[in-house]
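Asker: Fold the stuff below for me.
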Amino acid sequence: MSTTNPPLPTKRTHPMGVLVLGQSRTGTSSMRAALQHLGYTRVFHFFSLFENPLQTPIWERAFRAKFAGSGAAFGRADWDALLGADCTAATDTPCHIFAEELVAAYPEAKVVLTVRDGVDAWFDSYSSTIWPFLRDEQVAPAWWWRVVMLLRPGMPFAYLDVMHRLDP
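Answerer: Sure thing, here's the model as predicted:
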């Protein structure tokens, strides 16, 4: 019995309707639930990475193209293949990291930017929920560590500062 979902369709079958481009811990899970309730058929979220771990090499390619200048930048066909051509909305990490690329690929999509009530509230939430999971190599999936290692050299200063404060 397979533990992964079947391959995602690569030829767009539904229009991309909404891009929610806020960071994790800014209401992205609630937005996913709301969009699903409103009829968006498949909403990409961080949880989707666990549903389709075989996509990890494609995400790695996207990170390398953006941060290391290795390979061609992703275009609409690449995003359709990665998110799934039946994906009608996208939210959370890692999508928010590719905000500019996704807006360029899907100019017809509505864009929502979720925010938290202050950086300290976001930091407290992130450091008590996501960070313990991400820093535990026994818990976090191996593919996630490959992505994190790709990000470290190209992370914006703000992310490096957060990582330093979380794990001095």
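Asker: what's near enough to touch the spatially most central residue of the chain?
Answerer: Per CA atoms, centre = their mean, the C-alpha nearest to the average position across the chain is that of residue 94, at 2.0 Å. Counting by CB atoms under 8 Å, 6 or more residues apart in numbering, residue 94 touches 46, 49, 59, 62, 63, 147. Any C-beta I mention is one placed from the backbone N, CA and C, and that applies to glycine too.
Asker: So which of the residues you listed belong to helices?
Answerer: 46, 49, 59, 62, 63, 147 (DSSP state H).
Asker: per-residue confidence at the residue nearest to residue 21 when sequence neighbours are not counted?
Answerer: Closest residue to residue 21 apart from its sequence neighbours, by CB to CB, 6 or more residues apart in numbering: residue 99 at 4.4 Å. pLDDT, residue 99: 94.
Asker: Then the one 3 residues further on?
Answerer: Confidence at residue 102, expressed as pLDDT, is 97.
Asker: other SSEs contacting the helix or strand containing it?
Answerer: If you go by DSSP states H and E, residue 102 is part of helix 99-105. Here helix 99-105 touches strand 18-20, helix 76-83, going by 3 or more CB pairs under 8 Å, 6 or more residues apart in numbering; DSSP states H and E.
Asker: Now render these as CSV, adding distance to residue 117.
Answerer: Putting the helices and strands packed on helix 99-105 into CSV (distance: least, CB to CB, whole Å) gives the following:
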stretch, distance to residue 117
strand 18-20, 17
helix 76-83, 29
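Asker: Right, I'll leave it there.
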